[in-house]
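Student: this one's structure only:
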DNA sequence: GCATACCTCGTTGTATACCAGTAGGTATGC
DNA sequence: GCATACCTACTGGTATACAACGAGGTATGC
């Protein structure tokens, strides 16, 4: 059994994924500071693979380094998330246009169609499952459009938004809406109605985005309530108890 | 005199820039292979900063590594460049739409307008100068639209396309056209005519892209003429004399 | 009590030493 | 002559040692 075609960087990759998971699971909180040595101990690796992992995470916008002063998990920047949503919308609308111009549209869209036209009683009900499915829908929409670079960029944005979409605590109410909207969007694309499909997609993303805005306001309120007032649009680590080590 | 606010990673940054320049100036040719030790000698640094630089270049798509088999400059992949052009067009068209919806449009666009409505006798004539200006026009168009993330992504794409746009040997014939088209696009945006402006912009990019296509065909022809026939869409290092070291 | 200067400790940045795996040449058996 | 198996040299991956720099605490002068 060949485990993977490229064996190199096993540790660095593992450390990268570990830290990223820690951030996504909020074991590392936005604002938390740590040093390379701490992280090396925490992950059991040496500084070299840790640094490589951190540099990748830095480029992807999850952490930042001050030259001789340690690292920190980037505080939430909601303005930045808003911008990401905008770019995401632009890319997906472009994908829709491209899809509508495809020759073998029906065949291409068939797999997605199958996923999203299941009868009501066979729909997934659990939140995280639907969240995954939803993410997959949008990714596939772009991927199916056929531009690899656009797919890569969209994937990157999706991942960066995931941390905040995971907070979407009111999602349960929107599960059925999600199924219906996705199905409707696909149908519209199948009819090659470009503008209507784009409008529907925009509205769909906007809905999800409004959830995020609610969370934003809630978190800002919480942060202001218990913290000092100097946190404009950033959410600091709530207490000093959220140490990275241990 | 404070040379720079962040002093860290001086060597790694320098090495990164050096290698990138080598690639852009074709001192390192697409397909060239090299090891980390060679590159360390070549740049005078140790492997650590060299590796950091290479990882960055890898993520940006300029080089690739095979685990225990050395690095190589990524061969030209014209399909990939085509995709980048597509994404670029999508982003810039979105920027145009956003610009047309701006409140203080005239003020915002004023600097660009000043640059591109100079009388004929004051226009730049040298190729590389106009190339820079042209790149700047498109970057500013996006930046002015106000989405930082979109700007960042667009900037990244622009840089990746630069290596091939530098080959645009027929540009001289298009200098006047470039000035005229940029000016016209700006005027159209000022009138808030979204679709016309987008169409003009698309056509403008398409023209530049056709130059690239010509180069593509030419280079493929050259590569096939002197190399073996197994290079589908990749351009290998022409001869074994293009060694990285020395 | 306060400001300032110094010193220490911890941080990242860089260099080097060590490890593991692979490609490719070479020798050997047929 | 050919195929196969081994062996070596070189690769990137990882760990560690060393250097330079900065923040922050502490002591000292006022």
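Tutor: Arrived safely, thanks for sending. Since the structure is predicted, the reported quantities are computational estimates derived from the model, not experimental observations.
Student: please count neighbours and contacts with C-alpha atoms only from this point.
Tutor: Will do.
Student: flag every buried residue along the helix ranked longest in chain A.
Tutor: Using DSSP state H, we find that the single longest helix of chain A is helix A:194-226. Neighbour counts using 16 or more other CA atoms under 10 Å in any protein chain shown place A:194, A:197-198, A:200-202, A:204-205, A:208-209, A:211-213, A:215-216, A:220, A:223 of helix A:194-226 among the buried residues.
Student: helices and strands around that helix, which ones?
Tutor: helix A:78-100, helix A:175-190, strand A:234-235 (3 or more CA pairs under 8 Å, 6 or more residues apart in numbering or on different chains; DSSP states H and E).
Student: in the helix or strand following the longest one, what's buried?
Tutor: In this case it means helix A:78-100. Toward the C-terminus, helix A:78-100 is succeeded by helix A:105-116 as the next helix or strand (DSSP states H and E). Buried residues in helix A:105-116, counted by 16+ other CA under 10 Å: A:105, A:109, A:112, A:113, A:116.
Student: kindly reformat these as JSON lines and extend each row with distance to DNA strand D and pLDDT.
Tutor: Formatted as JSON lines, the buried residues of helix A:105-116 follow (distance: CA to the nearest atom of the strand, whole Å; pLDDT from 0 to 100):
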{"residue": "A:105", "distance to DNA strand D": "41", "pLDDT": "94"}
{"residue": "A:109", "distance to DNA strand D": "38", "pLDDT": "95"}
{"residue": "A:112", "distance to DNA strand D": "36", "pLDDT": "94"}
{"residue": "A:113", "distance to DNA strand D": "40", "pLDDT": "94"}
{"residue": "A:116", "distance to DNA strand D": "40", "pLDDT": "91"}
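Student: can you tell me which of the residues you listed is nearest residue A:69?
Tutor: residue A:112 (48.2 Å; CA to CA).
Student: the closest one: what's it in contact with?
Tutor: Under the criterion of CA atoms under 8 Å, 6 or more residues apart in numbering or on different chains, the neighbours of residue A:112 are A:137, A:140, A:186.
Student: worst-scoring helix or strand of chain A, pLDDT-wise?
Tutor: strand A:234-235 (a mean of 46; mean pLDDT, DSSP states H and E).
Student: quick revisit: the inter-axis angle of the longest helix of chain A versus helix A:78-100?
Tutor: 160 degrees (axes from the mean of the first three to the mean of the last three CA atoms, to 10 degrees).
Student: how far out from the middle of the chain is helix A:194-226?
Tutor: Centre-to-centre, helix A:194-226 and its host chain are 14 Å apart (CA atoms, centre = their mean, to the nearest Å).
Student: for stretch A:131-144, same thing?
Tutor: Per CA atoms, centre = their mean, the centroid offset for stretch A:131-144 relative to its chain is 11 Å.
Student: and what of stretch A:43-51?
Tutor: For stretch A:43-51 - counting by CA atoms, centre = their mean - the centre lies 26 Å from the chain centre.
Student: is any part of that stretch close to chain B?
Tutor: No: Stretch A:43-51 does not reach chain B (CA under 8 Å from any CA of the partner chain); its nearest approach is 8.9 Å.
Student: quick one, phi psi at the residue nearest the centre of chain A?
Tutor: Closest residue to the average C-alpha location of chain A: residue A:162 at 2.3 Å, with CA atoms, centre = their mean. Dihedral angles of residue A:162 (phi, psi; degrees, to the nearest 10) stand at phi -60, psi -40.
Student: any idea how far residue A:21 is from it?
Tutor: 12 Å (CA to CA, to the nearest Å).
Student: also residue A:64?
Tutor: Distance from residue A:64 to residue A:21, by CA to CA: 17 Å.
Student: what sits up against stretch A:188-199?
Tutor: A:93, A:96, A:97, A:99, A:100, A:101, A:105, A:106, A:109, A:185, A:186.
Student: okay, how far is it across it, tip to tip?
Tutor: 10 Å.
Student: tell me if the host helix or strand of residue A:40 is near DNA strand C.
Tutor: Element membership of residue A:40, judged by DSSP H and E, is helix A:36-43. Yes: using CA under 7 Å from any atom of the strand, we find that helix A:36-43 touches DNA strand C at A:36, A:37.
Student: touching the following helix or strand past that helix from outside, list them.
Tutor: Going down the chain from helix A:36-43, the next helix or strand is helix A:47-59, by DSSP H and E. By CA under 8 Å, 6+ apart, the surrounding residues in contact with helix A:47-59 are A:9, A:11-13, A:15-16, A:20, A:36-37, A:39-40, A:63-65, B:52.
Student: mind checking if helix A:47-59 is in reach of DNA strand D?
Tutor: Yes: judged by CA under 7 Å from any atom of the strand, helix A:47-59 comes into contact with DNA strand D through A:47, A:48, A:49.
Student: just the buried ones among the residues you listed, please.
Tutor: Among the residues of helix A:47-59 next to DNA strand D, those classed as buried by 16+ other CA under 10 Å are A:47, A:49.
Student: returning to what we had before: for the contacts of stretch A:188-199, which one is nearest residue A:75?
Tutor: For those, the nearest to residue A:75 is residue A:93 (29.6 Å; CA to CA).
Student: number of residues surrounding that closest one?
Tutor: 23 (other CA atoms under 10 Å in any protein chain shown).
Student: how about the nearest residue to it, chain neighbours excluded?
Tutor: By the measure of CA to CA, 6 or more residues apart in numbering or on different chains, the closest residue to residue A:93 outside its immediate chain neighbours is residue A:198, 5.5 Å from it.
Student: ok, the one you found to residue A:38 distance?
Tutor: Residue A:198 is 47 Å from residue A:38, where distance means CA to CA.
Student: over to residue A:20?
Tutor: 16 Å.
Student: so for those two, which sits in the more crowded spot?
Tutor: Legend: neighbour count by other CA under 10 Å for residue A:20 and residue A:38, higher for residue A:20 (19 against 15).
Student: can you pull the pLDDT of that one?
Tutor: pLDDT recorded at residue A:20 is 96.
Student: okay, and it sits in which element?
Tutor: Using DSSP H and E, residue A:20 falls in helix A:10-24.
Student: any residue of that helix touching DNA strand D?
Tutor: Yes: counting by CA under 7 Å from any atom of the strand, DNA strand D is contacted by helix A:10-24 at A:10, A:11, A:12.
Student: next structured bit after that helix?
Tutor: strand A:33-34.
Student: that next one pairs with which strands, and in what direction?
Tutor: strand A:71-73 (antiparallel) (DSSP bridges).
Student: hmm, the partner strand touching DNA strand C?
Tutor: Yes: contact of strand A:71-73 with DNA strand C (CA under 7 Å from any atom of the strand) involves residue A:71.
Student: how far away from the center of its chain is that strand?
Tutor: 19 Å.
Student: any idea of the mean pLDDT for that strand?
Tutor: 96.
Student: on that earlier part again, and the residues of helix A:10-24 next to DNA strand D as a markdown table, adding distance to chain B?
Tutor: Output for those, formatted as a markdown table (distance: CA to the nearest CA, whole Å):
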| residue | distance to chain B |
| --- | --- |
| A:10 | 10 |
| A:11 | 13 |
| A:12 | 12 |
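Student: and those residues, which are buried?
Tutor: A:11, A:12.
Student: closest to DNA strand C among the residues of helix A:10-24 next to DNA strand D?
Tutor: residue A:10 (10.3 Å; CA to the nearest atom of the strand).
Student: flag the shaky bits of chain A, pLDDT-wise.
Tutor: A:1-8, A:168-173, A:223-246 (pLDDT under 70).
Student: nothing else from me, thank you.
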